[in-house]
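# I would like to see how this sequence folds:
(4 chains)
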Number of protein chains: 4
Amino acid sequence: MDGSSNPVTQRPLRLGMVGGGRGSLIGGPHRLAARLDGNYVLCAGAFSSNAGTSKASGADLGIDPERCYGDFSEMAKAEAGREDGIEVVSIVTPNHLHAPAAKAFLAAGIHVICDKPLTASLDEAIALKGAVDASDKMFFLTHNYSAYAMVRQARQMVAAGELGEIRSVQVEYPSGWMTEAVEKTSNKQASWRTDPAQAGAGVIADIGTHAWHLARTVSGLQLEELSADLASLVEGRRVDDHAQVLLRFAGGARGILWVSGIALGPENGLRIRIFGSRGALEWAQMDPDALLQSPLGKPRQIIQRAAAGTSPNAERLSRIPAGHPEGYFEAFGNVYRDAAGAIRNKQAGQPSRLADPVYATVDDGVEGMHFIDACLASSASNAAWIDFKGKR
Amino acid sequence: MDGSSNPVTQRPLRLGMVGGGRGSLIGGPHRLAARLDGNYVLCAGAFSSNAGTSKASGADLGIDPERCYGDFSEMAKAEAGREDGIEVVSIVTPNHLHAPAAKAFLAAGIHVICDKPLTASLDEAIALKGAVDASDKMFFLTHNYSAYAMVRQARQMVAAGELGEIRSVQVEYPSGWMTEAVEKTSNKQASWRTDPAQAGAGVIADIGTHAWHLARTVSGLQLEELSADLASLVEGRRVDDHAQVLLRFAGGARGILWVSGIALGPENGLRIRIFGSRGALEWAQMDPDALLQSPLGKPRQIIQRAAAGTSPNAERLSRIPAGHPEGYFEAFGNVYRDAAGAIRNKQAGQPSRLADPVYATVDDGVEGMHFIDACLASSASNAAWIDFKGKR
Amino acid sequence: MDGSSNPVTQRPLRLGMVGGGRGSLIGGPHRLAARLDGNYVLCAGAFSSNAGTSKASGADLGIDPERCYGDFSEMAKAEAGREDGIEVVSIVTPNHLHAPAAKAFLAAGIHVICDKPLTASLDEAIALKGAVDASDKMFFLTHNYSAYAMVRQARQMVAAGELGEIRSVQVEYPSGWMTEAVEKTSNKQASWRTDPAQAGAGVIADIGTHAWHLARTVSGLQLEELSADLASLVEGRRVDDHAQVLLRFAGGARGILWVSGIALGPENGLRIRIFGSRGALEWAQMDPDALLQSPLGKPRQIIQRAAAGTSPNAERLSRIPAGHPEGYFEAFGNVYRDAAGAIRNKQAGQPSRLADPVYATVDDGVEGMHFIDACLASSASNAAWIDFKGKR
Amino acid sequence: MDGSSNPVTQRPLRLGMVGGGRGSLIGGPHRLAARLDGNYVLCAGAFSSNAGTSKASGADLGIDPERCYGDFSEMAKAEAGREDGIEVVSIVTPNHLHAPAAKAFLAAGIHVICDKPLTASLDEAIALKGAVDASDKMFFLTHNYSAYAMVRQARQMVAAGELGEIRSVQVEYPSGWMTEAVEKTSNKQASWRTDPAQAGAGVIADIGTHAWHLARTVSGLQLEELSADLASLVEGRRVDDHAQVLLRFAGGARGILWVSGIALGPENGLRIRIFGSRGALEWAQMDPDALLQSPLGKPRQIIQRAAAGTSPNAERLSRIPAGHPEGYFEAFGNVYRDAAGAIRNKQAGQPSRLADPVYATVDDGVEGMHFIDACLASSASNAAWIDFKGKR
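Purely as a prediction, here's the structure:
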């Protein structure tokens, strides 16, 4: 646990933001995550495609008005030209703008932190990967749920073989915010998230890709084929609000991915259970500091963040002793912390990629888009099996 | 709550048993459930097909040796001929013997209480239904999990429209007892439960049928089609030990049924979640006295057995004040209690069927066999969709 | 786990009951507990001091009318004179009748099972102990909560030194049924339980004695002194409805016992936590199949009834595999089962007392009355410390 | 919920820190809490009384070396003399240094944020209050646990009378970090926290004062008298590691405060339960986003942060939608956020005190010291009752 004394041995990185202006859901959490460990200072933004809204939003945040832009291309160019220009940008727009914005900043020599899913379509994703690979700059995808300390603990236990051969992975993300026809209200989130053109897809893109990345991160398994049954269960809805996906992994393991926007309950009930020949693990966002282990032939154990039995990587991601709950922002902050570490390594001319970093890469993002694409294709064919081998 | 003073205004019914001898898992619970409310007295049994084992098992139970039979046909005949002969028999054998035993007792004029699944094959099930329909005697199937007080509360809330239109049903029954190759040990349960000839199928028959009946009981929905991916994940296993089933219901609701024998954890983790347009419910066997309600736009509620907010039917099934946990045996006992009520009504020449009884019928049993059959057929066709309309 | 096949190798014991007629809360649970394992058959009763009510209550239960008495003395005499007379009686009256009833049956040569607390006063308790000691018959006190399988597991772990030196015991029993002035309604329970003459005291007698016996059973510690602050927090109430007691044990351990009738919540929230130099345990009636262990320097463990890590005694008290919840009645049934075992040993001329039986004795009952008495004395002296050494 | 877009309309406040250098437990959390919402920028510190350690610690944090002091008096003077000097200081030293440091900064015209307990002795506390009252500057005490959103929700529900008349308050803070003789290791925390001269007292000061402030904050009740039994349960320990306190409030309500350092378990298990004539509430740090309400005659409710049924003040303190867990740092950040609000009000010449702010005041701190003092006095007199009326 190195977090409590939180060493910040270098100056904060200069950060910009695209999107995240007034009315945004996710801009605030990104900014808070960036601030958490003192590794970034927000200096500029194209907080809205409306220049006035961008300036007003920037003013809320204490940003120099002349560095509040109405257009991300303009911002990339302008910031690249300043001596005190941003070194890294966070892209938190609707999905269809991720790729063009990211390309603009990479082209301007600025590192990119990008919200998920990678893009609104697989084609855009592949093109973006090309741009990232061709660039000298780094690209980080914020699959924040996979960055919880105890998720990383689970990943390490699976990788170390503590569960034996993995046989089943069950992952779910029920939420209920779309139970009513929220897109018919003035809810800005609901508006773009239910528009196929802006979002690409519904819950399978919005939270399905998180659930998938979590399953991938923890299990380490390769998906071989999937069968997806997506549905729009609220009248008039233009995207899927309920997705049920059967999974078959290399080696024979089976799984289910279930995500929903019409499932009232604890809200954001992301949960994973993974079963092997020698034990099982369960983790849920509702109680993120606990990892439940069911070893074959022994009593179940509650492995608790920062307490006995935790792995070095989980310790590394802890900021406060056990029993003091960490939560959503700390996990999100872990992504920003590791991104800062990688950027600084790069800036120092060292190997940039951390050992088992908690951020996702553009490759993860492309895989996630393949996943969405395969689910949409399967569902369009009455849940036919789609081959997923080599989709990465 | 009428149970605490538990009026038993009539003499106990004379009960016999087929199966349930030494080494049986389920014989004991059936006997305990029968004793719980004082409605039955066990008088006779064919506890094993081995006459000596049957007598020894009967002696354990204080049964008159001359009423311990080695053959159920002999028992049916002999008991029918006695003035003090049994009035009802419990059949707790491996699945493939349910039908022949049940027919023998019905033919002898003796009511039948039968463990699930109904039979080992759909054909047997249909034939048995014919026999029940042709008989003057009653047939009760022990889907004990659907008889928990708070499951009935859930059923009544759904039926009363408290959840609005039902959109999704998620049911699961993970257990881990088959994680190792238990069939290679001397475990008698494992032996017949993993033999296709005796069991018909694996977990889809053993616990899948329970999960299905629970989903049916609570939701009241008609299944239209299903896609099942069954697997045997332990080397050398001859039946499925892991089953994932996509469900599509009349009216458009979707669902998943997942059952497993290789899922280490709390064991017997039967759980149902049901989501509607105006609210959701969650119930799990691990905490059976609680029903979690998530009403749209209001805080979640914990409806507790025998406490505020419970329905008359749930009250009827309660035996002790709230906070004193009831469990598996009380639910099982509810089945036996309602069966006794129906038998006594019948004996008294009154309409026999109770209002919303907690026992299942032969029709439920046939539907359950259709469900197993459809899952096997789907899985054999690479999880193709199987039409389930009218399968009842 | 021997319960599932539940051998009953001997004929059931003939049981009578004093109290427990119509309107009784606890009569039903005693009868159910007695029936659970088939060890008893109820044959007679003085179910009420009103002969008509006793007969009517007996008729509800299918008891021969001529064995339904209006007076326990008459019953004791009559039953002692019958060839088929009862061998054991359950006393479930208000507290002040426990001693006279018990003495009558012991004098008639009939074993006694008695509800708690032992009596309504310490003097009666000591006199009753004298009668028991002078008798050839056995006396069992039904501290049913101490008979849960996982409570016995806890007791064995503490006794085996797995927690090291015990330093603190925290026990509580909050309930909320007295939040309103229930004694002003027609609630029969509320009436006698809030009458000092019939009950002796309020919650300290009703549930405090249960909590105390649980603490004693699990910890094995000797109490040296206590300081009790009892209160009547509802206007007009004549007995304590809230009791807070500081405990000091031999060896220096400290503890708190808190019981309440005005604490709304999960109801009957009996819970114990015990802390030692090498580990801690927690058990709560709300989840009785689980025992939470916190070993020093290791992850917490959930020891589950009938699963890995349970002791032989806990196994002995299990009736069904793990994950199928057992509850209140099974614990209560454990008391009746062990009492039957002891009675049969006695009848067979063998040493009667079982190894670590789950029933309490008259000595436990006297200690419980000393505890109540000391709490009342302390509270009457403004929570002065009362010496408890040798109070057994 | 205004947090997600987190407006920071004004420049960050310039913050200094006393204590919190290398090896400190609480310095990091204070800094993180200050950063969380972007309201502060750390500019200076006397991170250690050793000048070298202070500089090294400051370097870890990116602080200008010339603003890293080895002495807080020197720092107060130097910073007061700078144009860009700090406007507010956080004091996170061992307890006995709180008062001298706070006085130095107040005297220098700098606002003070101070860790709890207020001081190491009541005399120091009273003197410090004098200094605060005489100063033009503000003083904030960081009782961070009382700043959780759902704690404030509870407070508002009680104040609004939703529980009726309050009858009982049960508060506890078990932790196990002192189970072994940690003070004999090189653990810096253990060293000063178990030294009476530096800490004033043991767990009663360290976490008892948190528990007390939580009880006070939620219940609003005035304490009339208390009886405390403190103990040192580990051999050789110089301060209390286990404290049990009986509470009597104005109006007749009763309560228990129990805190421990030798109670292994979930760690930092702060929990409060409050019972009234019309309902009850329960909150625990282990699941801080949930507030459990038990209304008389209705099902229990789980009031969830940022979900249906939350009060405006709880909404104000939320940063992310329901189901995404907030935790320790967000609560701690709430204190820093409200302190910043008050300081800015003051700087703007407006009334400085917020409506129902989540920070504690010097008066709360003095009351907390009275509480510790009374507990020590009571315990020294064998748990005699100590009058607490007017102790504020």
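# now the end-to-end length of stretch A:292-304.
9 Å (CA to CA, to the nearest Å).
# Let's test this: mean pLDDT of it, rounded?
Mean pLDDT, computed over stretch A:292-304, is 97.
# Is chain B within reach of it?
Yes. Stretch A:292-304 lies within reach of chain B by CB under 8 Å from any CB of the partner chain, at A:L292, A:S294, A:P295, A:L296, A:R300. Where you see a C-beta, it was placed from the backbone N, CA and C, and this is true even at glycine.
# wait, what's in contact with the nearest residue to the third one once chain neighbours are set aside?
With CB to CB, 6 or more residues apart in numbering or on different chains as the criterion, A:P295 has its nearest non-adjacent residue at 4.3 Å, and that residue is A:G279. Neighbouring residues of A:G279 by CB atoms under 8 Å, 6 or more residues apart in numbering or on different chains: A:E162, A:L163, A:G164, A:Q293, A:S294, A:P295, A:L296, B:L264.
# hmm, try it at 10 Å
A:157-158, A:162-164, A:293-298, A:300-301, B:176, B:179, B:264 (CB atoms under 10 Å, 6 or more residues apart in numbering or on different chains).
# Filter those down to the ones in helices?
Residues of the contacts of A:G279 located in helices (DSSP state H): A:M157, A:V158.
# Who does A:V259 form a beta bridge with?
A:Y173, A:A243 (DSSP bridges).
# and A:A78, how many neighbours?
When counting by other CB atoms under 10 Å in any protein chain shown, one arrives at 18 neighbours for A:A78.
# The lowest-mean-pLDDT helix or strand in chain A: what's the following helix or strand?
Ranked by mean pLDDT, DSSP states H and E, the weakest helix or strand in chain A is helix A:188-193, scoring a mean of 82. Next in sequence after helix A:188-193, counting helices and strands by DSSP states H and E, comes helix A:196-199.
# helices or strands next to that following helix in the packing?
Where contact means 3 or more CB pairs under 10 Å, 6 or more residues apart in numbering or on different chains; DSSP states H and E, helix A:196-199 is packed against helix A:188-193.
# could you point out where chain A is predicted with low confidence?
A:1-9, A:352-353 (pLDDT under 70).
# What are the structural domain limits within it?
Domains of chain A are assigned by automatic domain parsing as A:13-144, A:148-320+A:365-380.
# Can you get me the start-to-end distance on the first one?
What that stands for is domain A:13-144. End to end - CA to CA - domain A:13-144 spans 20 Å.
# so how far is it from its chain's centroid?
Centroid separation for domain A:13-144 versus its chain: 15 Å, with CA atoms, centre = their mean, to the nearest Å.
# Now do the helices in the stretch 51-200 of chain A.
A:51-60, A:72-81, A:98-107, A:122-134, A:149-159, A:188-193, A:196-199 (DSSP state H, counting those that start in this stretch).
# Nearest to C:S49, out of those helices?
Minimum separation from C:S49 across the helices of the stretch 51-200 of chain A (CB to CB) falls at helix A:149-159, 61.3 Å.
# Pull out the buried positions in that closest one.
The neighbour-count check on helix A:149-159 (16 or more other CB atoms under 10 Å in any protein chain shown) flags A:A149, A:M150, A:V151, A:R152, A:Q153, A:A154, A:R155, A:Q156, A:M157, A:V158 as buried.
# and the gap between the third one and A:G45?
As judged by CB to CB, to the nearest Å, A:V151 and A:G45 stand 30 Å apart.
# Run through the residues that contact the residue of the stretch 101-250 of chain A found nearest chain C.
Per CB to the nearest CB, A:Q153 is where the stretch 101-250 of chain A lies closest to chain C, at 10.9 Å. Going by CB under 10 Å, 6+ apart, A:Q153 touches A:218, A:281, A:283, A:291, A:293, A:303-305, A:309-315, A:317.
# circling back: can you show me the CA trace of the least confident helix or strand of chain A as CSV?
Written as CSV, here are the backbone C-alpha positions of helix A:188-193 (Å, rounded to 0.1, in the frame of the first residue of the first chain):
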residue,chain,number,x,y,z
LYS,A,188,-28.8,14.3,-22.3
GLN,A,189,-27.1,11.0,-21.5
ALA,A,190,-30.2,9.0,-22.5
SER,A,191,-30.4,10.9,-25.7
TRP,A,192,-27.0,10.0,-27.2
ARG,A,193,-26.7,6.6,-25.5
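# and the residue nearest to the spatial centre of chain A, what does it touch?
Taking CA atoms, centre = their mean, the centroid of chain A lies closest to A:H143, which sits 1.7 Å from it. Neighbouring residues of A:H143 by CB under 10 Å, 6+ apart: A:115-117, A:209-210, A:212-214, A:216-217, A:331, A:335, A:358-361, A:364-365, A:368.
# Could you rerun that using 8 Å?
So A:H143 contacts A:K116, A:T209, A:H210, A:H213, A:L214, A:T217, A:V335, A:Y359, A:A360, A:D364 (CB under 8 Å, 6+ apart).
# repeat for A:W385
A:E225, A:L226, A:S227, A:R248, A:S378, B:N382, B:A383.
# three-state assignment of the second one?
When classified by DSSP: H, G, I helix; E, B strand; the rest coil, A:L226 comes out as strand.
# Which element is encountered next along the chain beyond the helix or strand hosting A:C375?
Take DSSP H and E as the rule and A:C375 turns out to sit in helix A:362-380. Using DSSP H and E, the helix or strand that follows helix A:362-380 in sequence is strand A:386-387.
# coming back round to it: export the domains of chain A to TSV and append columns for distance to C:Q170.
Shown next, in TSV, are the domains of chain A (distance: least, CB to CB, whole Å):
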stretch	distance to C:Q170
domain A:13-144	37
domain A:148-320+A:365-380	20
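# Check the gap between the residue of the stretch 51-200 of chain A found nearest chain D and C:P357 for me.
Nearest to chain D in the stretch 51-200 of chain A, going by CB to the nearest CB, is A:D60, at a distance of 4.1 Å. A:D60 sits 71 Å away from C:P357, taking CB to CB as the criterion.
# returning to what we had before: show the buried residues in the contacts of A:G279.
In these, burial by neighbour count holds for A:157-158, A:163-164, A:293-296, A:300-301, B:176, B:179, B:264, counting by 16+ other CB under 10 Å.
# who's in contact with the nearest residue to A:G109 once chain neighbours are set aside?
Nearest non-adjacent residue to A:G109, counting by CB to CB, 6+ apart: A:A80, 5.8 Å away. Neighbour list for A:A80: A:A108, A:G109, A:I110 [criterion: CB under 8 Å, 6+ apart].
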